[in-house]
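In: sequence and computational prediction follow.
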Protein chains: 2
Amino acid sequence: MNTLIQKIADNTETIGIIGLGYVGLPLAVSFAQAGVRVIGFDKSSDKVDKINHGDNYIKDIRDAVLREVVENIRLTATTDFSGIKECDALLICVPTPLDKFRKPDMSYIESACIAIGQNMKRGTFICLESTTYPTTTEDFMLPIIERESGLLHGKDFWLAYSPERVDPGNVSFHTKNTPKVLGAITPEGLEIGKKIYSKAIDRLHPVSSPKVAEMVKILENTYRLVNISLINELALLSGKMGIDIWEVIEAAKTKPFGFQAFYPGPGIGGHCIPLDPFYLEHIAKKYDFDLSMIHTAGHINMRMPHYMYIKIATALNKHKKPVNGSNILFLGVAYKPDIDDARESPALEIIDTIVRKGGLATYHDPYIPTVKTNEGTSLQSVQLTAETLRNADCVVITTNHAVFDPEMIQKHARLIVDLRNVIQEADEKVYKL
Amino acid sequence: MNTLIQKIADNTETIGIIGLGYVGLPLAVSFAQAGVRVIGFDKSSDKVDKINHGDNYIKDIRDAVLREVVENIRLTATTDFSGIKECDALLICVPTPLDKFRKPDMSYIESACIAIGQNMKRGTFICLESTTYPTTTEDFMLPIIERESGLLHGKDFWLAYSPERVDPGNVSFHTKNTPKVLGAITPEGLEIGKKIYSKAIDRLHPVSSPKVAEMVKILENTYRLVNISLINELALLSGKMGIDIWEVIEAAKTKPFGFQAFYPGPGIGGHCIPLDPFYLEHIAKKYDFDLSMIHTAGHINMRMPHYMYIKIATALNKHKKPVNGSNILFLGVAYKPDIDDARESPALEIIDTIVRKGGLATYHDPYIPTVKTNEGTSLQSVQLTAETLRNADCVVITTNHAVFDPEMIQKHARLIVDLRNVIQEADEKVYKL
């Protein structure tokens, strides 16, 4: 332990980051900017090549910053996991998706632990950042690492959990200035973790155990799932009652205490909100516990794209058109505004339904040139022109990218289904969620 | 309309407030402080007498302020509803409880509308402040008032809805400085309402209709019900997993965006959060709509007192004691800290269960000298001394009143079930939610 602490004090430690996606790469850059040597590990030779050439692929990182830390050889990337033995600390930022049955897919964490166990040197600090169910660090990771390494936790290495809070597209909060929760298995592990992370993160919030830190992240994202589902349900009811839910939310926001606004939409996308709560639901079963709030929220969320299809069909029907054979143009396939990520995007699910029903789906997204839906439809983004708008029997606004011009859309489109409250002055051809 | 607007401009209008509870009386005082003549109407001669003698009974009003507006004869109170004919504006602040089958009890609003219809003069502005389901103002109130008065809305009188946002015990926000949402049936009604309310309220937020304003209030309180229920459910799971939910919440609060903290407890009390969402559930049925989030949240909330009973029984069991025959002292019966209101308080429900199971329940609450539970048990608050604490087989902390001294409680109690995170340094005799 003392060797490692001395190295950290001298700024001579090497940090390995496993997984170079939207969490790992910004973290790697943040450490490299602090003058620490960082090795990035990823199975994708494409990502590794890009980094080693200083080519940035994460929207929230400034291109010049990545180039600088690569040119100064503070950040290198590799697909060769044997480089793990050069590292004093290993931070794991791998995906934790759900499988087709909505169960946690722990294979990425498992592979990372095996690679670490087989390669690490004695005296390494290991920390998981991926969102996962409480008890993962101690009950799932620890045995794998001890088994693969033959080393003993607390003596030969230290294990901790510190959830990432990356919010893609957030202009105020990024990796460095977002407070970070950290829980380790032993006090020594916590001490080392604090010294390491405080180089890259402005403010740390230590907690008493990894499972507390694991629950923190799940609480944060479950809060969002539940509230988005609630407002979606109220939006559907409001639609039936002739109440404009967007006006309701604006008015409720004037309450100066005890309220936080959430907005309805075609469903919940991205890599966190739609998935994380089901990690908790999974582990709860082991404790004979049903999480009814998450279950209900998940159900509403899962049905939203279908309800949105009904909205589109209803709007077309008012124009005496069926879905079958109609041209339907989707504006935005990113799961939230101003980002280039279509993972779990509800727009893709709606497109699948439209295609299945015989509709002719096209889309425009300024940040996503091509997509492939779950059901295998491949599409290329079309240009957003007066003509493409006019040619569509129905224009569906699925993402509220700031660059979309509501006036231009409203001027040329024949029929609009606005699922994001982009059109403020709605006329008779606009149908809002 | 012009007569009324001229009166308002001259500050010579008379405002009638119907219902002089925790909403109506502060509102009456706020208008009277603005120099407006106010008549308060209430069926309770006790309340009316108190006001006319300058005796304050609402904790959030300063005694001297009430005395002053009564002495200056700007505020008078009466049980005689024929005084309605003297009023230019009528603001309705009556209860909207649930009946025994959790259905809206609209009888108070109905009585108010009948009294208004039978007594009001032509040219009166009428506004409901009570929380209720969307469509109440237009579909429920309007027909009653027109029928009873023989007058015509929009010509002879104006009807509006403006939800109260009173948060008892809130030291920062009171009637005057809490922004107020206002929706009227006609533009003239909205104009008059704005002119009237702006005398007593710093900031108004007009909306397009009464039903939007009705939905605003329901959204605000449903948001709270759903989030308290979520954190209660997570608290129960955390208990099973050996995770301290209070530590989790403190850590989650360090997230600087997209999170608002709610705290678990023995259930939800008071006159709003446990009731209002069921008003919405009620009207939703008319639209063939099931509100599954509210339903699930309500279910969790309803079960919480029972789970708390189990917690108490489990703690006693560790001390080899049954509930039957044990002395159980409850600290706090108010539904939230630092207020004197035990309505819908979960503490009373837990006491009922304890009594039913043969436990000997006592309580201490510095603000509530006597209570009667739903099942008819009448209790008097006992003194909080070393002796009463020592004599209890179990001390249950049900309300986190700021005056409670955790050290003193912990020093003398033999066994503590802390449902409000009052005891920070828990030892082996403390069981937390």
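Out: Yep, that arrived.
In: I'd like the distance between the most centrally placed residue in chain A and chain B.
Out: Closest to where the C-alpha atoms of chain A average out (C-alpha atoms, centre = their mean) is A:His271, at 3.4 Å. Between A:His271 and chain B the computed distance is 15 Å (C-beta to the nearest C-beta, to the nearest Å). Every residue, glycine included, has its C-beta placed from N, CA and C.
In: repeat that for A:Phe289.
Out: Distance from A:Phe289 to chain B, by C-beta to the nearest C-beta: 5 Å.
In: A:Cys127 sits in which helix or strand?
Out: Secondary-structure assignment from DSSP states H and E places A:Cys127 in strand A:124-128.
In: who does that strand pair with, and is each partner parallel or antiparallel?
Out: Strand A:124-128 has the following sheet partners, assigned by DSSP bridges: strand A:89-92 (parallel), strand A:157-161 (parallel).
In: all strands for the stretch 201-350 of chain A, in order.
Out: Assigned by DSSP state E, counting those that start in this stretch, the strands in the stretch 201-350 of chain A fall at A:204-207, A:327-331.
In: so for chain B, which of those sits nearest?
Out: strand A:204-207 (4.6 Å; C-beta to the nearest C-beta).
In: which residues sit against the closest one?
Out: A:179-183, A:190, A:194, A:197-198, A:213, A:216, B:247-248, B:251, B:254 (C-beta atoms under 8 Å, 6 or more residues apart in numbering or on different chains).
In: for stretch A:380-393, give me every contacting residue.
Out: A:316, A:319, A:321, A:326-329, A:331, A:362-366, A:368-370, A:395, A:404, A:408-409, A:411-415.
In: how close does A:Thr131 sit to chain B?
Out: For A:Thr131, the distance to chain B - C-beta to the nearest C-beta - is 13 Å.
In: again with A:Lys432
Out: A:Lys432 is 14 Å from chain B, by C-beta to the nearest C-beta.
In: does that residue really touch A:Arg420, like I thought?
Out: No - using C-beta atoms under 8 Å, A:Lys432 makes no contact with A:Arg420, being 9.1 Å away.
In: what is the neighbour count of whatever residue of the stretch 1-150 of chain A ends up closest to chain B?
Out: Nearest to chain B in the stretch 1-150 of chain A, going by C-beta to the nearest C-beta, is A:Pro134, at a distance of 6.0 Å. Applying other C-beta atoms under 10 Å in any protein chain shown, we find 28 other residues in the vicinity of A:Pro134.
In: I'd say it and A:Lys211 touch.
Out: Yes - at 4.3 Å, A:Pro134 and A:Lys211 qualify as touching, with contact defined as C-beta under 8 Å.
In: overlap in contacts, the two.
Out: Residues touching both A:Pro134 and A:Lys211 (C-beta under 8 Å, 6+ apart): B:Met241, B:Ile243.
In: need the CA coordinates for stretch A:179-187. PDB is fine.
Out: C-alpha atoms of stretch A:179-187 as PDB (Å, rounded to 0.1, in the frame of the first residue of the first chain):
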ATOM      1  CA  PRO A 179     -19.100  15.100  -7.700                       C
ATOM      2  CA  LYS A 180     -18.200  11.400  -7.500                       C
ATOM      3  CA  VAL A 181     -19.400   8.800  -5.000                       C
ATOM      4  CA  LEU A 182     -16.800   6.300  -3.900                       C
ATOM      5  CA  GLY A 183     -17.200   3.200  -1.800                       C
ATOM      6  CA  ALA A 184     -14.400   0.600  -1.100                       C
ATOM      7  CA  ILE A 185     -14.400  -2.700   0.600                       C
ATOM      8  CA  THR A 186     -11.700  -1.700   3.100                       C
ATOM      9  CA  PRO A 187     -10.600   1.600   4.700                       C
END
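In: is that stretch up against chain B anywhere?
Out: Yes - applying C-beta under 8 Å from any C-beta of the partner chain, one finds stretch A:179-187 touching chain B at A:Pro179, A:Val181.
In: ok, and what's touching that stretch?
Out: Stretch A:179-187 is contacted from outside by A:127, A:137-138, A:142, A:153-154, A:158-163, A:165, A:190, A:192-194, A:197, A:201-214, A:216-217, B:251-252, B:254-256, using C-beta under 8 Å, 6+ apart.
In: just stretch A:255-267 next, same as before
Out: Here stretch A:255-267 makes contact (C-beta under 8 Å, 6+ apart) with A:224, A:227-228, A:230-232, A:234-235, A:245-246, A:249, A:252-253, A:274, A:301-302, A:304-305, A:308, A:346-347, A:349-350, A:398, A:419-421, A:433, B:165, B:167, B:170, B:172-173, B:178-179, B:220, B:223-224, B:260.
In: in it, which residues are buried?
Out: A:Lys255, A:Gly258, A:Phe259, A:Phe262, A:Tyr263, A:Pro264, A:Gly265, A:Pro266, A:Gly267 (16 or more other C-beta atoms under 10 Å in any protein chain shown).
In: who has more neighbours out of A:Lys432 and A:Arg420?
Out: A side-by-side neighbour count of A:Lys432 and A:Arg420, using other C-beta under 10 Å, places A:Arg420 first with 23 against 20.
In: contacting residues around the more buried one?
Out: For A:Arg420, the contacting residues are A:Tyr263, A:Gly265, A:Gly332, A:Ile397, A:Thr398, A:Thr399, A:Asn400, A:Leu433, by C-beta under 8 Å, 6+ apart.
In: format the strands paired with strand A:124-128 as a markdown table; extra columns: distance to B:Gly40, mean neighbour count and mean pLDDT.
Out: As requested, those are exported to a markdown table (distance: least, C-beta to C-beta, whole Å; neighbours: other C-beta atoms under 10 Å in any protein chain shown; pLDDT from 0 to 100):
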| stretch | distance to B:Gly40 | mean neighbour count | mean pLDDT |
| --- | --- | --- | --- |
| strand A:89-92 | 65 | 26 | 98 |
| strand A:157-161 | 58 | 27 | 98 |
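In: on that earlier part again, please identify the deepest-packed of the strands of the stretch 201-350 of chain A.
Out: Each of these was scored by mean neighbour count; the highest is strand A:327-331, a mean of 24, by mean count of other C-beta atoms under 10 Å in any protein chain shown.
In: what packs against that one?
Out: helix A:346-356, strand A:360-364, helix A:386-391, strand A:394-397 (3 or more C-beta pairs under 8 Å, 6 or more residues apart in numbering or on different chains; DSSP states H and E).
In: partners of it, with directions?
Out: strand A:360-364 (parallel), strand A:394-397 (parallel).
In: now those in TSV, with mean neighbour count, distance to A:Ser292 and mean pLDDT?
Out: Shown next, in TSV, are the strands paired with strand A:327-331 (neighbours: other C-beta atoms under 10 Å in any protein chain shown; distance: least, C-beta to C-beta, whole Å; pLDDT from 0 to 100):
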stretch	mean neighbour count	distance to A:Ser292	mean pLDDT
strand A:360-364	19	36	97
strand A:394-397	27	33	98
